[in-house]
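Asker: here is a sequence together with a model predicted from it:
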Amino acid sequence: MKSSGALSVIELFDEGLHSGVNLALNVEKVLYREKTDLQDLMIFENSTFGRVMSLDGAVQTTEKDEFIYHEMFVHVPLLAHGNVRRVLIIGGGDGGAARQLMKYEDIAVTLVDIDRTVIELSKKYMPSISGGALDDPRLDLVIADGCRFVKETDQHWDVIIIDSTDPHGPGEVLYTAEFYGDCKSCLAPGGIITTQNGVPFVQESELRQSYDRLGALFADVTFYQAAIPSYVGGDMAFGWATDEKSHRSRSLAELAETYMNSGIETHYYTPEVHQAAFALPLHVQKILTREA
Ligand code: SAM
């Protein structure tokens, strides 16, 4: 049911995503709030993060720190692969990953998001995040459940970016072994899958579960990290899965040359940060090997 009536005045956005931990953000102004058929969507203004989008009470993206998340989500697989022409984004309705992908000239992007409202409101209230990418002729926009889409498609992609919400509500199916298996079926040879895999310090079981499920399917599975200021609990993890082990053994010089030749402009990503992001601290390694 869609919520009706005037936007209620909320002084504080309180994200209680993880037990015992809360992230509180001052709400200067609620710009939009709607319970779509699928998710509770809110967009509000915060003096530090700019405009903030939340879904079902969890921060999704903010104007001020989205560049870190979307640059690392996109440029690490693309520059490691070095010859990407087709990318599938599952989720990503805010358009941030799509905007980073459109920095590459010769690219075709399919974006599959279950909730059209997220896309429409991101364009309306947070246009800097998508930067027009959601209307770019190189992008094919599909409104569907990503889990069903990969099961039914006969297309293939070089990179699949699973830019999903956390494993609750409609996002839950995007962490299943079945979904990962279907993603593998539509991955081109040498392709790479990356996932939004939460914050290891407060989402240990999700990390381990993705590691096990992807590990059963791919030759090279690990995570790389970046600190997203609006995600509580420390560095977040991006899942990495591919059968092509050479992608992760590219030298810094090779990465730097690919980055320079790409001509893309970044504000967080550098080849050095790319390489360092895969150096997992011991406590995260121990989560994966169940020594934690
Ligand atoms: N950066 C965010 C994070 O770290 O959680 C993710 C951002 S993006 C807005 C998440 C998107 O996943 C939303 O647009 C949501 O509609 C979409 N989504 C959730 N479940 C989905 C599903 N089963 N199929 C396709 N899209 C889905």
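Answerer: That came through, no problem.

Asker: for residue 198, give me its contacts.
Answerer: Residue 198 makes contacts with 166, 206, 207, 236, 237, as judged by C-beta atoms under 8 Å, 6 or more residues apart in numbering. In this view, the C-beta of every residue, glycine as well, is placed from N, C-alpha and C.

Asker: which residues are in contact with the last one?
Answerer: By C-beta under 8 Å, 6+ apart, the contact list for residue 237 reads 197, 198, 199, 200, 207, 223, 224, 225, 284.

Asker: ok, the residues you listed vs the ligand, which is closest?
Answerer: residue 198 (7.8 Å; C-beta to the nearest ligand atom).

Asker: helix, strand, or coil at that closest one?
Answerer: Secondary structure state of residue 198, per DSSP: H, G, I helix; E, B strand; the rest coil, is coil.

Asker: now do residue 37
Answerer: Assignment for residue 37 (three-state DSSP): coil.

Asker: measure it to the ligand for me?
Answerer: Going from residue 37 to the ligand by C-beta to the nearest ligand atom, to the nearest Å gives 11 Å.

Asker: how many neighbours does that residue have?
Answerer: 10 (other C-beta atoms under 10 Å).

Asker: returning to what we had before: let's have the contacts of residue 198 in TSV, adding distance to the ligand.
Answerer: Listed next are the contacts of residue 198 as TSV, based on distance: C-beta to the nearest ligand atom, whole Å:
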residue	distance to the ligand
166	6
206	12
207	14
236	7
237	11
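
Asker: could you report the neighbour count for residue 202?
Answerer: 16.

Asker: so how far does stretch 103-116 reach from one end to the other?
Answerer: By C-alpha to C-alpha, to the nearest Å, the extent of stretch 103-116 from end to end equals 24 Å.

Asker: right, I mislabeled it, should have said stretch 104-116
Answerer: 25 Å.

Asker: where does the stretch 151-292 of the chain dip in pLDDT?
Answerer: Scanning the stretch 151-292 of the chain for pLDDT under 70 picks out 292.

Asker: what's around the closest residue to the ligand within it, how many residues?
Answerer: In the stretch 151-292 of the chain, no residue comes nearer to the ligand than residue 170, which is 3.5 Å away by C-beta to the nearest ligand atom. By other C-beta under 10 Å, the residues close to residue 170 number 20.

Asker: so it, which state does it fall into?
Answerer: Residue 170 - assigned by three-state DSSP - is helix.

Asker: which residues are in contact with it?
Answerer: Residue 170 touches 38, 39, 114, 115, 145, counting by C-beta under 8 Å, 6+ apart.

Asker: so what's residue 6 scoring on pLDDT?
Answerer: Looking at residue 6, its pLDDT reads 47.

Asker: near the ligand, which residues of the stretch 51-200 of the chain? Just list them.
Answerer: Taking C-beta under 6 Å from any ligand atom, the part of the stretch 51-200 of the chain that reaches the ligand is made up of 60-61, 69, 90-94, 112-115, 118, 145-147, 163-166, 170-171, 173-174, 196.

Asker: tell me which other helices or strands the strand or helix carrying residue 191 touches.
Answerer: Assigned by DSSP states H and E, residue 191 belongs to strand 187-196. Under the contact criterion of 3 or more C-beta pairs under 8 Å, 6 or more residues apart in numbering; DSSP states H and E, strand 187-196 touches helix 66-81, strand 157-163, helix 177-185, helix 204-215, strand 236-242.

Asker: can you give me the buried ones in it?
Answerer: By 16 or more other C-beta atoms under 10 Å, the buried positions in strand 187-196 come out as 187, 188, 191, 192, 193, 194, 195, 196.

Asker: contact partners of it?
Answerer: Contacts of strand 187-196 (C-beta under 8 Å, 6+ apart): 73, 76-77, 80-81, 86, 91, 156-164, 166, 175, 180, 183-184, 210, 214, 218, 236, 238-244, 247.

Asker: rerun that using 6 Å as the cut-off
Answerer: 77, 81, 156, 158-164, 183, 238-242, 244 (C-beta atoms under 6 Å, 6 or more residues apart in numbering).

Asker: what of stretch 204-213?
Answerer: Taking C-beta under 6 Å, 6+ apart as the rule, stretch 204-213 contacts 177, 180, 197, 198, 200, 237, 239, 287, 288.
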